[in-house]
Structure formats: C-alpha cells, structure tokens
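Participant: heads up, no residue letters with this:
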C-alpha cells in the first residue's frame, strides 16, 4: 500500500486534531461541573491521556491490531516497535482515538469518583475493553485485512460511533451504576437539581474545539487524503449543525428557553451520530442523522433521569445514545454501493444491531464486573463530606479562591463564628467578592456587637425601658425588668394601654389615652407633660394578686424622641420606688417633728408681712370652713372629703408660695389621708378619726404660727419701747422683770416708777432694794393684777398698772409699791391658814390685820401654780424679815377689786 | 392626742349605751371646734391634769337623757336633777375607764356637772377640741375631747 | 411681652405679679374669673396668660377655649391647684403651652413663664 506524503501529512494533522479534542473535552467537562471539581475533571482528562497512551502502546494496540485469533482479538504487536513509518503513523492516530474514548468516561462520572479508581477504569478501557472491541470492527486495518468477526459479518462503523463513543458510553454507564448519583442531585419526587457549572462559556469553547477536532476524527479516518475527505468533514458538520438546531428547538419547546447545555449536547450528538456513516450517506441523510441523533440524545437523557442515573456531563446520551443511532444509521442511510458489504438494507441493519449489542455487552459487562470488584476492594466513590468539599481540594489539594471563600462561608455557617474572614486574593473577581463579603461581615459584626451591647444593657438595667410608637404600642426591644415590674410577659408590639388596664385605676387609664395624644404634640412643653403624667407616681395593683404586699409603687417618666420636628417615639422609663416612698414618708414625719420654733421664725421673717398676714387670715378662714363642713352634716361624707380637699389644696398652694414647707407637708399628708378615704369602698364615720386628728394637729400648727407672729409683734413693740426708754439701774431692772413675768402669766402690765434716790445708792443698798422691790413687784404681777379678760369683765382698763415710788421725808425713806389689781382675798387666806394647820376657831377670830400678818409668814401663797417667779410662798416673809432687820416697818392697804399697796418705811441711813 | 385615745373615749360612750340599753350608739363624723362650744342642755366634764392636760366632756339634750333615765331607772318623768345625775353617771363611767386604762398619765378631776350653757367651757379644753357626735336612736349627743 | 394673670385667689394674683415684676414683663391686668379675663383680654390683649382652672363664673378651661378662639396664638400657662392630671391634660389638648401645678415656688414660676414666653428652651 502506497502512502503519499500528503496522506502522511493529513494523518499527522488529523492526529493532532484528535488530540485537540482532548482540550475540547477538558474545557467542556470542567465547564459543566461545579468549580469545586473543575480542576479534578481537567486533571482526569490530562491523566487519562498518559494512562491510555502507555496502556495502548503496551497492550491495547496489540490486542486491537495484532494478528487475529478467530477474529476475536489481536495477539501480536504488544509494546509495538515504530520501525515503519506506517506503523508509527497508524499507532499515533489510533492511540489518539483510544485515549479520546477513555476521556468520555471522565466527564460522566465526574464530581464523585475517587481519582485512583478512575485511573483503573481508564487503564481497563485503554488496555482491554476498547482494543478487543476495536479488533472486532477494525481488526486488520494495519495490514488492510478484514480480521474482526463483526467486520466480516458486514458490520460497518466508519470512525467509531460504536467503537469509540458507544464504548465510552457503555463503560460510563457501568461505572455510574456502581457509583450512584451525586449528593442531592435527585429530589425525593424525582425532580433534578441542576448544578451550576463552573463556566458554561468554557464548555461552549470546548464544544467548538471538539467540533474542530472532529474534522480530524472523521476526516482522518480515511487514513488517506483522498477526494472523500472534504465531504466527510462537511457531512459530519452538517449532522452536528442539524443536531444542534434540533436539540435547540426541541429543548426550547420543552424547557421554555434555549438551554446552553442542550445546545452543546445537540451539536455533539449530531457529530457522534455522523461518525459511523459519514462517507456512505448523502448530505441530506447526514442532516437527518444529526437531527435524529439529537432527539435520541434528549430521550436518553430523560431516561437516565427517570432511572436516577446521574451523568454529570450528559456523556451517555451524547456518546452512547447518539452512537447507537449513528451505528444504526449506517444500515438505514448508508449507500450499499459504497458500503460494499453485499448486504441488503435490512440485513445491514441487523448486522449493525448485532454489533451494537455485542459491543455493548462486552464493554458494559467487563467494565461492570471490574468496577464492582474494584469497589469491593476500595469504594470507588469519595466520602460524602469530601464530595461536598469538592474533589479539587480533596484529591489534589488544588484550591480555588472561590473554594476558599466557600470554605469560609461554610465554616461560618457551621460555627456561627463571625470573626472569620474570607481569604482575599487581590485582583480577582472572587477576591473582590471576598473583600466585599468581609466588609459586610465587619458591618454585621459591628451591628451585632452594638446590638449585643444594647441588649445586654437592656437585660441588666434596673429601670424598665421601652419605646412607644404614636399608636401607643411597645417597641420590639425593652429591658428585662419591665416584664417583672409590670408582671406581664412578651410585651413587644403590645398596646401599652392594654398592658396597664389590669394594673391601674380606670381613671388613670382614661388619662393615659389623653396623655398619649398630648405626648406626641410637639408644641407642648415637656415639663408640663412630666407634671401631668398620670403614671408619674403610681401604685400598681395587679388584679390577679390582690395581695397588698405585691403592690409596687412605680415612677414612670416619658421622654420624647424628636426627629425633624416630629415626635417619632416616646421612651418610657419605669422605676420601682416602693422603698424610696417608704423612706420619704418617714423622713417627712421626722422633718415635721424636727421643725423647730427657730426655723419657723426664720421662715416667717422671710415672708413679706402683708402676704403673711393675708395668709394667716386665709388659714383661719379655711380651717373654720373645713370644721363647719364636717360639723354641718349637710353634705355626704364623700362630698365633705372632696370639698375639704379643695380647701386644703388651695391653702397648700399658698403655703408653698410663701415657702412654708412644714405646712405644705402637713397638707400633703392630709390630702393623702383624704384620698385614701375617698377610695374606701365602705366609708365609716370611724374612718374619719385619723383625718380629724390630723386636721387638729394641722390647725394647731396654724395657731402656733399665729402665736409666733404675735410674739414677734410683741417683741417688736417692746423692743422699740425698750430702746426708747432704755432705763438703767433699778428702774430698768424692775421694768425688765415686769415685762418677763407678765408675759409668763399672760397679763398685760405697765410699771411706772419714780425712784429718784436710786442714783445715789450704795452697791449694798442697791442690792437690798432690788431684792425687796423685785419680790413686791412680782407679787403684784402674779397675785395682785387680774388677767386682761378678768379686768375687762370687771369694767377695768385692760392693762394693769404698778406704781413704785420712793421719797425721802426728813430722815426716813418711804417706798410704795401699789397695783390696781384685785386687792387681797381674805377668804382665801383664811382657807390657806386652815390648811396650814391653824385652829379653825382661832382663824374665825382673826381680824383683818391678823390675816395680813399671816400673809407675811413662811409658806403662804395664793397662786394656783408654782412657777419660777411667784407662788413659792417665801417672798413676803423674806421682805418682812429684811425690812425689820433694817429697822423699818411695812404697812399694807387694799380695797377689794381696786388696789393693793405696800408702804415700806425705813430710816434714811445717809 | 392619738387616734387610739380618741377611739377609746368614743368606745366607752358607745359601749355604755349598748350595755345599759342593749342598743349601741353610733359615732358621727368627728370634727374640730375652735370657737363657740358644742354644748347642749346637760354636760358632764372631766378635767385632766398631770403630764397630759385638758378636759373631756359629754353633753346631751334632755330628750336623750330622759329616754335613757326612763330606761335605766324606770322613772316615768325624771326631773332635771335626775337628768343631771344621768349625765354624771355617764361621765363617771368615762372617768373610771380612763383612769383604769391610762393610769398615771391622766390625773382626773372630780367630774363637774353643768346645766345650761356655760361660756367658758372651752377654756378647760386644750385645743384642738375634737367633737364626736354620738347618735343614739333619734337623739344626738356630743363627746368633746381637748387634750394636749 | 404683655402678661395677664387670671386667678381667683388674691394672694396668688399678688404673688405672681410681684414675682414677675423683676423680669421686666408688663402685667397688663389681673382677673379673678374667666368672664373678667375675657373682657380684659378684649380691651387689652396680652401675649401670655397665666390661667387658673377653678374659678367662679366661667372656669379656666372655658376661658382657655374662648381665648384660643379670639387668638389662636396666645400663649397660655395654666396654673392650677387641681392636682388631678385629667384637667391639666384637657387644658393641653385645648392648646395651653404648659401646666404649672400649685403649689409652686417663685423659681418654678419664673422658669415656667420664661419657657412659655420662649426666652428659654
């Protein structure tokens, strides 16, 4: 057989083109699988080239093209020597075919097969399955003899629809049956979860390359550059085009959109379909072959999914389905003249079918047996977790940025650790995604941390904090204490009014809705709101537990949150002030008790006198009104309480204005008492006792205030007088004495003195007269003079008068002490004498002077009470004794109801 | 003045009615009197001295006292002296109880019985003077308490 | 700034007048009930009215409404001894700027007047 240089060159080029198909396969498959497996798939395509080449050289080539034994297998030419040009050329071309067939498997079983297992399958394919089967069809091609038993029967497969493509498909099927579908590929109901390929555009480029490679695959199968080559290439392409368009249209119709993978597989199915028959069919037939191949491909794909056979790259529908059809098409469309088998069309078809069955039985059977055994030795499938992680990393430690990103995300989703960040490869898209993702995570973490802080505050504050919207609903977040304070759980979104309803008085609840309305009105002063807050200080009475001990005094505050001049939310703050209120109560009591007279003075001195006078009048009047209200009994008890409250509250306002806090506190206390009475369900008269007592005490305070003012007024008057008439010496001392004594016994007294001798007295004399006169004057104030009321009753001037005069008469000093009081009560004195143990008959015989003499004895006093100033009963006896010692006498004159006068006559010692 | 003391005085009076007539008297709303005294026709007054000063009095119209006297003494038409005695009896009971319960804090004078309206009765009582209306059947009496 | 004081207590009227004197406000008049207040306002309109609630012959709420009808922009500070918040809230709903409860002190009054007058925020 002669081979022209053009033939040689064409076969070399065709071999190169078939080699390029490997690039096509690598691109096609890696684009269809997920990126986590893309490297693994490509690696398999590369590796099986090496494995297939070596295996084919060592054993495959011999089995396929060696000397035939019974047309079943070659027996020579192992480790073939490339001594002749033709042998080398032939080997080169067919080695490319063998490895291409092996590569078909790599895509089908992608994403789950263990890499090492795949290499075994490749070895089996290239060394045994493919060469034996190839011998049956193409045996003797090297020597241009028809050795194979199928070929001898007239079976024709021009470039390998069965030998290469179907075989690859059968082996794939066998492996897939053992391997099983990818995780999660089929749902319970049989529907398919299509994977997102690493890059369909790569698959498209791969398809174009495959098509290009097919020029060599089919075109080179003539093993000569003859006049058939262009037609073969063209008919192959026509078939591919028809397949592609048919699949596109059918797929579009079925799926509703032009699916890219259908487009790819349609083209490939058309190309595979034409591979068996290209030289022997007409151009129109090639279009039909391609079109039908595409339909077959779609049907097979559908069937596979029905049986849950998960072919990752649709290799079986394309290579096995279209391969079988292409093989049958030889019989159907092949020109018998060109086939030169001498068979009729039905005969040819039968032989073709026989070949398909025989090849299928062999390829599938051997592959299945071996793979089952392999799987027994070691599972050919990777572990589920590895499958999930992807074979790039598991098998090859070949990471992609996308994979790393994925890993981070996965880890994050599993651990919830927000501190993890995706690795950022600069200048790549995934890097940018990762960097954006990290930013999102930063923000998220920030927000989460801020929120966590916020929530931790809410969980730990002692106050109940919450937000209200204009409808009065609680916000989603509030402090934990709130639930405890209100005794209500799950408050988010609840209407605050409804939450309050069981806890407060109906009147308060009613006020709340008014208050809520005003809260959201911007023009109202916030302070006014604080004052009118119906919940400002309130006792929460949970209806569920009427136990008084459960009640809490709480204080509510509301703060408006204003954005752009609008109140958008109101923040509520609630505090338990039960203990605070207890403390306040006891403090108030203490303060009231401690309020000293000095402090009252101080307060009074700071009030404008006219206001104070008016206030005191008001105080008296209101007190009188209150007393009358309660006395009159014209009103119901409840009305009495209301009116009393009103009157008191007015007073409180004024007292506060005048800065009289003790009165404010006292009134407040009264108000509280009244309110508690008002709330009583069954009001008894006895319940008024406490109120009456408190009112009494309060009115006493008012009287006390009046007294103090009176004192101040007296003080002022006397102070001015004292200042004007500032007398020193004896007169001054006596006046002070009278002033003091009169005040103590509440009498009004004026002392008039005419003591012109006192400036010349010796110290000794002065002391003497001071003692004497002090006694007499005190006696006059206490015993002699009546109270102003008594004096008025007797028609005397209100103010009592005491005259002290001293005059010198020759060698005598005459001192007189006279008061215009009641005179002497002789009857009382006689009674006193009786008590003192004097005999009744003796006393009965006493004359006026006897009685007077008794007056000057020890221990006589007619005063009812013993006070510091008089009534000790020693005063007059002392006077008498002292005067007598100095050689003097005492005379006494009186008229009942008019006057009493002591006249002391002493020798003038000067 | 404490609430308990006031309550005690009221109870003594209302219990008295309960014991001698079987029909309890009821207290009205207590009030404070600062000007003219709430004094009715017959009055019994107990002065109190010692650490606590002031006075307590019970005062009633002849109607109430007549009914009371009729019930207790079985007298058809008691004269004024009997009525005064009746007030004295009631006042003594109060005094006795007070002495028994409060002891040395209250130095109690001999009850003073008054007919008619004395003007200076308020002077004996220390303000504030609490007036407690006592309602018995259809009649009204007053218990007045003015203690420091 | 012209001020009118409406209160039935003469102590209150005098005290408020006295406390406001140092602030330089002109007190254009005082009234002891709502009717007098309205008449006074029509004769000599004030910018700011302090208004008591409980008064004989036309109470503060009615007076407030009438004042707002006459001039919606008049500033009203309700000063009332009524401690129940219901009335105060009613006053605010009727358009009062603020509410000062009796009892109050001089400092509180001054502060409140200044707020309502807009001197202080």
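Facilitator: Structure received. Being a predicted model, the structure only gives us computed values, none of them experimental.
Participant: show me where chain B has strands.
Facilitator: B:26-27, B:31-33, B:42-49, B:54-60, B:107-108, B:112-115, B:129-136, B:139-147 (DSSP state E).
Participant: mind telling me which of those strands the model trusts least?
Facilitator: Lowest mean pLDDT within those: strand B:107-108, a mean of 74.
Participant: what pairs with it, parallel or antiparallel?
Facilitator: Taking DSSP bridges as the criterion, strand B:107-108 forms sheet pairs with strand B:42-49 (antiparallel).
Participant: quick check: buried residues in the partner strand?
Facilitator: Buried residues in strand B:42-49, counted by 16 or more other CB atoms under 10 Å in any protein chain shown: B:42, B:43, B:44, B:45, B:46, B:47, B:48. C-beta coordinates here come from the backbone N, C-alpha and C atoms, glycine included.
Participant: hmm, the second one is touching residue B:113, no?
Facilitator: Going back to what we said before, that points to residue B:43. Yes - judged on CB atoms under 8 Å, residue B:43 makes contact with residue B:113 at a distance of 7.3 Å.
Participant: name the residue of the stretch 301-450 of chain A that lies nearest to chain C.
Facilitator: For the stretch 301-450 of chain A, the residue closest to chain C is residue A:450, as judged by CB to the nearest CB, at 31.0 Å.
Participant: helix or strand: which one has that residue?
Facilitator: helix A:429-460 (DSSP states H and E).
Participant: so which elements touch the lowest-mean-pLDDT helix or strand in chain C?
Facilitator: None of the helices or strands of chain C scores lower by mean pLDDT, DSSP states H and E than helix C:10-20, at a mean of 80. Helix C:10-20 sits against helix A:609-632, helix A:637-657, strand C:2-6, strand C:26-31, helix C:106-117, with contacts defined as 3 or more CB pairs under 8 Å, 6 or more residues apart in numbering or on different chains; DSSP states H and E.
Participant: got the phi and psi for the residue in chain B positioned nearest to chain C?
Facilitator: Here the residue of chain B nearest chain C is residue B:34; by CB to the nearest CB that distance is 22.1 Å. The phi/psi pair for residue B:34 (degrees, to the nearest 10) reads phi -120, psi -20.
Participant: quick one on the thing from earlier: nearest to chain A among the buried residues of strand B:42-49?
Facilitator: Distances from chain A to the buried residues of strand B:42-49, taken by CB to the nearest CB, are shortest for residue B:47, at 12.8 Å.
Participant: I figured the closest one hits residue B:109, correct?
Facilitator: Yes - look at residue B:47 against residue B:109 with CB under 8 Å: they come within range, at 3.7 Å.
Participant: for chain A, see how far away the residue nearest to residue B:97 when sequence neighbours are not counted is.
Facilitator: Nearest residue to residue B:97 in three dimensions, chain neighbours excluded: residue B:12, at 4.7 Å (CB to CB, 6 or more residues apart in numbering or on different chains). From residue B:12 across to chain A, the span is 14 Å (CB to the nearest CB, to the nearest Å).
Participant: and residue B:12, what does it touch?
Facilitator: B:93, B:94, B:97, B:98 (CB atoms under 8 Å, 6 or more residues apart in numbering or on different chains).
Participant: and for the first one, the neighbour number?
Facilitator: Burial of residue B:93, expressed as a neighbour count using other CB atoms under 10 Å in any protein chain shown, amounts to 19.
Participant: point me to the residue of chain C nearest chain B.
Facilitator: residue C:11 (22.1 Å).
Participant: ok, now how distant is the residue of the stretch 101-250 of chain A found nearest chain C from residue A:27?
Facilitator: Nearest to chain C, among the residues of the stretch 101-250 of chain A, is residue A:196, at 61.6 Å (CB to the nearest CB). As judged by CB to CB, to the nearest Å, residue A:196 and residue A:27 stand 17 Å apart.
Participant: who has more neighbours, those two?
Facilitator: residue A:27 (23 against 10).
Participant: who touches the more buried one in this structure?
Facilitator: A:202, A:203, A:205, A:206, A:209.
Participant: so it is in which element?
Facilitator: Here residue A:27 is assigned to helix A:5-32, by DSSP H and E.
Participant: what is the mean pLDDT for that helix?
Facilitator: Mean predicted lDDT for helix A:5-32 stands at 94.
Participant: residues of it that come out buried?
Facilitator: Applying 16+ other CB under 10 Å to helix A:5-32 flags A:7, A:10-11, A:14-15, A:17-32 as buried.
Participant: low pLDDT regions in chain B?
Facilitator: B:37, B:73-75, B:99-100, B:103-105, B:119-120, B:122 (pLDDT under 70).
Participant: hmm, I was thinking of chain C
Facilitator: C:81-85, C:103, C:119-121.
Participant: and the contacts of the helix or strand encompassing residue A:172?
Facilitator: In the assignment (DSSP H and E), residue A:172 maps to helix A:167-179. Helix A:167-179 is contacted from outside by A:100-105, A:108-109, A:112-113, A:121, A:124-125, A:129-130, A:133, A:309-311, A:315-316, A:318-321, A:323, A:359-360, A:363-365, A:367-368, A:371-372, A:375, A:380-381, using CB under 8 Å, 6+ apart.
Participant: report the distance from that helix to the chain centre.
Facilitator: 57 Å (CA atoms, centre = their mean, to the nearest Å).
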